[in-house]
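1. Fold the following and give me the result.
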Amino acid sequence: MSEPSRPEPRAPDPTAPVSPAALVLTAACEAPLDERRPWLERATLVDALLVPGTDTPVYLTEDDVAITTTGIGKSDAATTTTALLATPGVDLESTYVVSSGIAGSSPETTALGSVAIADAVVDWDRKHRWDHRPDSSSADAAGETSTDRPIDLLAYRPRDYVHRLEESVVECALEAARDVALEKDEDARAYQRTYPDVPDAGPTIERGTTVCGDEFWHGTRYAREVEWLCAEYEVEPYVTTQMEDAATARALERFGLREQYLSVRSVANYDRPAPSQSVAESFDGNPASLTLGITNAARVGEAVVEGLVTVDPLGLEATSSR
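-> Now for the predicted structure:
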């Protein structure tokens, strides 16, 4: 499918700020990780902004939805979100903000192509990972692993780094997603079956924790550490893993808008290799499941955005300047 024509981007006008009903944030817009493509293909674009501090234009649709990409990783996500929040020509005070894209998952949790609506976002990076063994210089030293002690609250980590998202927004999104017909793919299903512990099922809608980190971790050992961290925060089990949402949530929190935030992520790969794979082969993923994840993330994301704007669980329309 050819891409629709796009408006020529312009500078934001502080005297006439745009105030979209919803803002969609994808991480990437280049093949093969083009999470933005299905959003733009199915939208009628009426305007575009070049916002200082962002990497790609902000496209505005006739349905009053803004769409842009943040870039991959927490620093890119925080920078883009903050730039949008701080630009006088953009008003997000009455806007639902939705991260939409692909994610990893445990093969024990759900099928490839499943879509998870997050009720908690865990920051994987903000923690202490110390070797408490008496002789940590020795490779054979017996002692504790990083999961043998409770997570500490210290000067450099004064609080738990988990964002518990607004319940009414999560529930509204789940209701909107309930009847979405998820795409299926036999090649992705065949790849899924190479994992012995995976459910032998097609994609489903899930609710649960998403874990965000800048570390490209992969493998069972690190997955167990992620499980431990979520258990310490009492938000286990984790359903998806990604690299932007904790930063997006934090930026919105600093501007007093985190309750308007939601994460919608589709499972494109598993966070550990199948028995027949190396870690490197597993990390590269499967083309069919990648395409399936991008498709289903947008399909559910569109329904969620429509549901949030229509139902307006936070009553944002009453305070809107639109």
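
2. Spell out, range by range, the strands that occur in the stretch 101-250 of the chain.
-> 115-123, 162-164, 205-212, 238-242 (DSSP state E, counting those that start in this stretch).

3. How many residues are close by E244?
-> By other Cβ atoms under 10 Å, 31 other residues sit near E244. To be clear about C-beta, it is placed using only N, CA and C from the backbone, and glycine gets the same treatment.

4. Offset the numbering so it begins at 21, please.
-> Let's use 21 as the start, then, which means that last one is E264.

5. distance of it from E50?
-> Distance from E264 to E50, counting by Cβ to Cβ, to the nearest Å: 15 Å.

6. same check, this time on D180
-> Using Cβ to Cβ, one gets 35 Å for the distance from D180 to E50.

7. between those two, which one's more packed in?
-> Set D180 next to E50 and count neighbours by other Cβ under 10 Å: D180 wins out with 18 against 12.

8. Identify the residue spatially nearest to that one, adjacent ones excluded.
-> Nearest residue to D180 in three dimensions, chain neighbours excluded: Y253, at 5.7 Å (Cβ to Cβ, 6 or more residues apart in numbering).

9. and the one you found, what does it touch?
-> A140, V142, I171, D180, V182 (Cβ atoms under 8 Å, 6 or more residues apart in numbering).

10. Kindly report the same for P29.
-> Contacts of P29 (Cβ under 8 Å, 6+ apart): A68, L69, L70, P77.

11. repeat that with 10 Å
-> D67, A68, L69, L70, V71, T76, P77, V78, Y79 (Cβ atoms under 10 Å, 6 or more residues apart in numbering).

12. can you give me the helices for the stretch 121-270 of the chain?
-> 187-197, 206-212, 240-252, 265-274 (DSSP state H, counting those that start in this stretch).

13. ok, back up a step: would you turn the strands of the stretch 121-270 of the chain into a markdown table with mean neighbour count?
-> Output for the strands of the stretch 121-270 of the chain, formatted as a markdown table (neighbours: other Cβ atoms under 10 Å):
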| stretch | mean neighbour count |
| --- | --- |
| strand 135-143 | 27 |
| strand 182-184 | 20 |
| strand 225-232 | 24 |
| strand 258-262 | 27 |
